[in-house]
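S.K.: What follows is a predicted structure for the sequence shown.
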Amino acid sequence: MPLILLVDDEPSQRQALRRVLEARDYKVAEASGVQEAETRYNLAEFDLIVTELKLAGASGAELIRSASPVPVIVMTNYASLRSAVDSMKAGAVDYLAKPCSDDDLLNVVAAALSRQGLAAPAGKQRSEATRQFFQGQCPTLRKLDEQIQKVARTDSTVLIQGETGTGKELTARRVHNLSRRHARPLVALNCAAIPESLIESELFGYEKGAFTGATSNRMGLIEAANGGTLFLDEIGELPQSAQARLLRFIQEGEIRQIGAVSSKTVDVRLICATHRDLSALASQNEFRRDLFYRINVLSLTIPPLRQRSIDIASMAQWFTEALAEKLDIQHRPLSTTAISAAVHHPWPGNVRELEHAVERGLVMAEGDYIEAIDMGLTPSSKTPEAPLSVINGSTPEIDTADVSAPDEELSLEDYFMRFVLEHQDSMSETQLAQKLGVSRKCLWERRQRFGLPRTQPGKRSHR
């Protein structure tokens, strides 16, 4: 089992990093500075060191030199790219830009260990909230899942398109996990987070002496993914110089490290993702046309959350359970007003924004339920526009004086959810079913399908 040393003079930062790594069954030790690390531990016993660059006393750069040949990952701010470059030249194997997500940390750590022939532990996975592919009722998403399973059977290059926060990396992981390469590494790189001066060395690696500061050979991420999958997120941000070299790797299955005179053959499946229109960028000569045609072999498009409103209520409730387990805090369900606010919110940040809103609600809630204000949402003042008897194909005569004509942009499922959420505190189940033109059994089944909890009479004051 890989042993990792965390060096950071902020205890809260160390604890946060340690929690993420130990959740994946890594063995972790920690130190508040370089001096403590050197006096308390034998650095040669560690498989990897993760250090803050700016420390009280000796800097993280000095730790890189004293820990050699143990690989070191440095942490820095986006504004300190010059320091990141200097650290890489000093011998750091990688760097993390703060603030970093759990996935960023785990991906960088896994890639660094993979270069040494060490695999990540096969123990506990991260919370289902961010690892499992959500199985909702949205027909578009169900069709996407069918496409994913077909795509996973091949080794063809995949291009995943979708807005920010829709789950492009999650989709890439599902493709990898369903493929024949699932037992091999999935190495991920966010092309937008790497300075242009480092992108080629990150992808292809370099040989000792290739440039000033290249004191040892360094394997690139493409070679680290050999036998597995390379995921290039935000490929639309890739510099054109790197695009040309990537094109040869795709065409020939070969890479050449910076400073090397010979090429290496690799077996890597490539998955790319972007939130940009690569076709439009290619027509404007901002992205290589030949590369676009090479990566756009199999295409997957993820719909934004606003087009999947049928899934919002059940997805939000699903997040409450998964995130409560992840954060190790008390689980609280969403109140009906919170669900209503979630259904009406436009979610420009998509699934990621919804997940973070639910996480905020779990932490901030004080009552038995998560309220809209706990999630940072404005309680909805909208009411459903029409009874939903048409859902079952029936058209009973009911009083429609309190409702107006349907909004053509909303689906029948949306109307069902909205009507139930807005009226269940003032109507019995029998009254709701009569208004909707369905049986009580059908109403109950649809509640289960959409994840709409029934208001408990004794709990209405909380909702």
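M.R.: Alright, I've got the coordinates. Residues are numbered from 1 along each chain as shown.

S.K.: Can you tell me which helices and strands the lengthiest helix in the chain packs against?
M.R.: The longest helix of the chain (DSSP state H) is helix 309-327. The helices and strands touching helix 309-327, judged by 3 or more C-beta pairs under 8 Å, 6 or more residues apart in numbering; DSSP states H and E, are helix 128-131, helix 336-344, helix 350-364, helix 412-423, helix 440-450. Quick note: C-beta positions are derived from backbone N, CA and C, even for glycine.

S.K.: give me that answer again for 7 Å
M.R.: For helix 309-327, the elements it packs on are helix 128-131, helix 336-344, helix 350-364, helix 412-423, judged by 3 or more C-beta pairs under 7 Å, 6 or more residues apart in numbering; DSSP states H and E.

S.K.: And the second one, how far out from the chain middle?
M.R.: Same thing as helix 336-344. When C-alpha coordinates are averaged (C-alpha atoms, centre = their mean, to the nearest Å), helix 336-344 and its chain have centres 24 Å apart.

S.K.: what's in contact with that helix?
M.R.: Under the criterion C-beta atoms under 7 Å, 6 or more residues apart in numbering, residues 309, 312-313, 316, 361, 370-372, 375, 377-380, 382, 417-418, 421-422, 424-425, 452, 455, 463 lie in contact with helix 336-344.

S.K.: buried subset of the residues you listed?
M.R.: Buried by 16 or more other C-beta atoms under 10 Å: 309, 312-313, 316, 361, 370-372, 375, 377, 380, 417-418, 421-422, 424, 452, 455, 463, out of these.

S.K.: from memory L362 sits against Q330, does it?
M.R.: No: counting by C-beta atoms under 7 Å, L362 stays clear of Q330, with 8.1 Å between them.

S.K.: More neighbours: which of the two?
M.R.: Higher neighbour count among L362 and Q330: L362, with 22 against 9, using other C-beta atoms under 10 Å.

S.K.: Now do the more buried one against M417, distance only.
M.R.: To M417, L362 is 22 Å away according to C-beta to C-beta, to the nearest Å.

S.K.: Ok, D328 next?
M.R.: From D328 to M417 the distance is 31 Å (C-beta to C-beta).

S.K.: now do T229
M.R.: On the measure of C-beta to C-beta, T229 and M417 end up 37 Å apart.

S.K.: For the closest residue to I258 other than its chain neighbours, the count of nearby residues, please.
M.R.: Nearest non-adjacent residue to I258, counting by C-beta to C-beta, 6 or more residues apart in numbering: Y206, 3.8 Å away. A total of 21 residues lie near Y206 under the criterion other C-beta under 10 Å.

S.K.: next one: Q161
M.R.: Q161: 20 neighbours (other C-beta under 10 Å).

S.K.: Which residues lie in contact with it in this structure?
M.R.: Contacts of Q161 by C-beta under 7 Å, 6+ apart are 274, 299, 301.

S.K.: Check the gap between the first one and D290 for me.
M.R.: So that's T274. Separation of T274 from D290 (C-beta to C-beta) stands at 17 Å.

S.K.: neighbour count winner among these two?
M.R.: Neighbours were counted for T274 and for D290 using other C-beta under 10 Å; T274 has more, 23 against 12.

S.K.: Show me the beta-bridge partners of that one.
M.R.: Here T274 shows beta-bridge partners Q161, assigned using DSSP bridges.

S.K.: wait, doesn't it sit right on E237?
M.R.: No: at 8.2 Å, T274 and E237 do not qualify as touching, with contact defined as C-beta under 7 Å.

S.K.: Name the nearest residue to S59, sequence neighbours excluded.
M.R.: Excluding the flanking residues, the one nearest S59 by C-beta to C-beta, 6+ apart is L53, at 6.6 Å.

S.K.: circling back: and for L362 and Q330, which residues touch both?
M.R.: Joint contacts of L362 and Q330 (C-beta under 7 Å, 6+ apart) are A324.

S.K.: Can you report how many residues lie near D102?
M.R.: Other residues lying near D102 total 18 when counted by other C-beta under 10 Å.

S.K.: got a pLDDT number for it?
M.R.: Note for D102: predicted pLDDT of 76.

S.K.: okay but it is in contact with L21, surely?
M.R.: No: using C-beta under 7 Å, D102 is not in contact with L21, being 9.5 Å away.

S.K.: Which neighbours do these two have in common?
M.R.: By C-beta under 7 Å, 6+ apart, D102 and L21 have no common neighbours.

S.K.: in the protein, which segments are predicted with low confidence?
M.R.: Under the criterion pLDDT under 70, the flagged ranges of the chain are 77-90, 98-99, 117, 119-137, 212-213, 215, 380-415, 437, 449-451, 453-463.

S.K.: Can you pull the domain assignment for it?
M.R.: 3-115, 133-301, 307-462 (automatic domain parsing).

S.K.: my guess is the residue nearest to I258 contacts M219, does it?
M.R.: No: using C-beta under 7 Å, Y206 is not in contact with M219; the gap is 9.3 Å.

S.K.: From L203, how far out is E169?
M.R.: Look at E169 and L203: by C-beta to C-beta, they are 18 Å apart.

S.K.: Among these two, which residue is more densely surrounded?
M.R.: Just comparing E169 and L203: by other C-beta under 10 Å the higher neighbour count belongs to L203, 23 against 20.

S.K.: Sticking with the more buried one, tell me its helix or strand.
M.R.: Assigned by DSSP states H and E, L203 belongs to helix 196-204.

S.K.: What is that helix packed up against?
M.R.: Using 3+ C-beta pairs under 7 Å, 6+ apart, helix 196-204 is in contact with helix 81-90, helix 221-224, helix 240-252.

S.K.: Give the buried residues for it.
M.R.: For helix 196-204, a neighbour-count test (16+ other C-beta under 10 Å) marks 199-204 as buried.

S.K.: can you map out the strands along the chain?
M.R.: All strands of the chain, identified by DSSP state E, fall at 3-7, 27-31, 48-52, 72-77, 94-98, 158-161, 186-190, 205-206, 218-219, 229-233, 254-255, 264-265, 269-274, 298-301.

S.K.: helices or strands up against the last one?
M.R.: By that I understand strand 298-301. On a contact count with 3+ C-beta pairs under 7 Å, 6+ apart, strand 298-301 meets helix 139-152, strand 158-161.

S.K.: Can I get that strand in CSV, CA atoms only?
M.R.: Listed next in CSV are the C-alpha coordinates belonging to strand 298-301 (Å, rounded to 0.1, in the frame of the first residue of the first chain):
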residue,chain,number,x,y,z
LEU,A,298,-17.5,8.6,-31.1
SER,A,299,-19.4,11.6,-29.7
LEU,A,300,-21.3,11.8,-26.5
THR,A,301,-23.4,14.9,-25.6
